[in-house]
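**Student:** following is a predicted model, sequence given first.
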Amino acid sequence: MAAAERTAGTPQPIGYSRSGIGRITLVLRWIALAIAVILFLLPFYLVLRNALATEADITAPEWTLFPKDLQWGNISELFNDESVPIARALWNSAVVGVLGTAGQLLLASMAGYGLARIPYKHADKVFYAVVATLMIPGAVTFIPSFIVVSSLGWVSSLRGLIIPTLFSGFAAFLFRQYFLSFPRELEEAARVDGAGHFGTFWRIVVPNSLPFFAALAAITFIGNWNSFLWPLVIGQDSSSWTIQVALSTYVTAQTINIHQLFMAVAVSILPLVLIFAFLQRYLIQGVTQSGIKD
């Protein structure tokens, strides 16, 4: 009788209940993850499906998972269209993205390091001035920037697309916050060896900050690649169009070339997908190392 009472008093049902709740929670998490994956991949599926379809397949009332006949010729049709120089637009976007990203990282990192490490009595005032630029709407500086670029004769040129976007107050702010948390011991060891601020920055700080540089480079490149309004105003000639401006030409007041538009979108997002796939671990690591603190 006593053994039966001890058996009845064991907490097995509670343990089983907790285990059941844990399994239900795990299943719900997997369901939520699956739904998120589907919602994330749905736009890519629609782009790919319509890029390999005809106008009739896209506008048909009956929806099919994929067209019966995949139109791989849409790729050659896209690049052979003389009215929209898509290959030139891709090249311009690549040049703007790479040079704009490299220049922005160079200037912002040096500015951030100077604000974080070089002693100067007005450093805080300069930093607050940089932060204040983040509060100015882009629409306020858009027209003055265009006037300056136009007066320099940089309209319809890559210089007009790249140079005005080289400095970013936000990037300088992030670099400054990151360098504040950078180990001083490494810098002090370099100064013992006779290196100055410039030598310490290039020989010690930059090589040990590559994950943060890579994360910010990926974000900056994606922003430059997807930029539309400034390239639309500056790139008044088709030879200076970027990919986003070229995409807009497929939708006009007269016609809408749907299948070429989707094919151009598929081609334009491919570089971004590759960059994100290779640098995604740096994105997370760089954000966690950004040091958004005093």
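**Tutor:** Cool, the structure landed.
**Student:** for this structure, longest helix please?
**Tutor:** helix 12-51 (DSSP state H).
**Student:** and the average pLDDT for that helix is what?
**Tutor:** When pLDDT is averaged along helix 12-51, the result is 83.
**Student:** now swap in stretch 263-275 and tell me
**Tutor:** 90.
**Student:** check stretch 83-95 too.
**Tutor:** pLDDT averaged over stretch 83-95 gives 93.
**Student:** what residues sit buried inside that stretch?
**Tutor:** Residues of stretch 83-95 classed as buried by neighbour count (16 or more other C-beta atoms under 10 Å): 84, 85, 86, 88, 89, 90, 92, 93, 94. In short, each C-beta sits where N, CA and C put it, glycine included.
**Student:** how far does it sit from its chain's centre?
**Tutor:** 19 Å (C-alpha atoms, centre = their mean, to the nearest Å).
**Student:** just stretch 205-221 next, same as before
**Tutor:** Distance of stretch 205-221 from its chain centroid, counting by C-alpha atoms, centre = their mean, is 13 Å.
**Student:** buried set for it?
**Tutor:** Neighbour count says stretch 205-221 has 205, 209, 211-221 buried, by 16+ other C-beta under 10 Å.
**Student:** repeat for stretch 133-150
**Tutor:** Neighbour-count burial for stretch 133-150 flags 145, 146, 149 (criterion: 16+ other C-beta under 10 Å).
**Student:** buried stuff in stretch 110-117?
**Tutor:** 110, 111, 112, 113, 114, 115, 116, 117.
**Student:** please identify the buried residues of stretch 219-238?
**Tutor:** 219-222, 224-225, 227, 230-231, 233-235, 238.
**Student:** from start to finish, how long is that stretch in a straight line?
**Tutor:** End-to-end distance for stretch 219-238: 27 Å, by C-alpha to C-alpha, to the nearest Å.
**Student:** any idea of the mean pLDDT for the helix or strand just after the longest helix of the chain?
**Tutor:** Sequence order places helix 55-59 as the next helix or strand after helix 12-51, per DSSP states H and E. In this model, helix 55-59 has a mean pLDDT of 85.
**Student:** how about stretch 178-189?
**Tutor:** According to the model, stretch 178-189 has a mean pLDDT of 87.
**Student:** same deal with stretch 246-253?
**Tutor:** 80.
**Student:** and the host helix or strand of residue 129, what other elements does it pack with?
**Tutor:** If you go by DSSP H and E, residue 129 is part of helix 123-133. If you count contacts as 3 or more C-beta pairs under 8 Å, 6 or more residues apart in numbering; DSSP states H and E, helix 123-133 packs onto helix 86-117, helix 169-180.
**Student:** mind checking which of those is nearest residue 256?
**Tutor:** helix 86-117 (16.7 Å; C-beta to C-beta).
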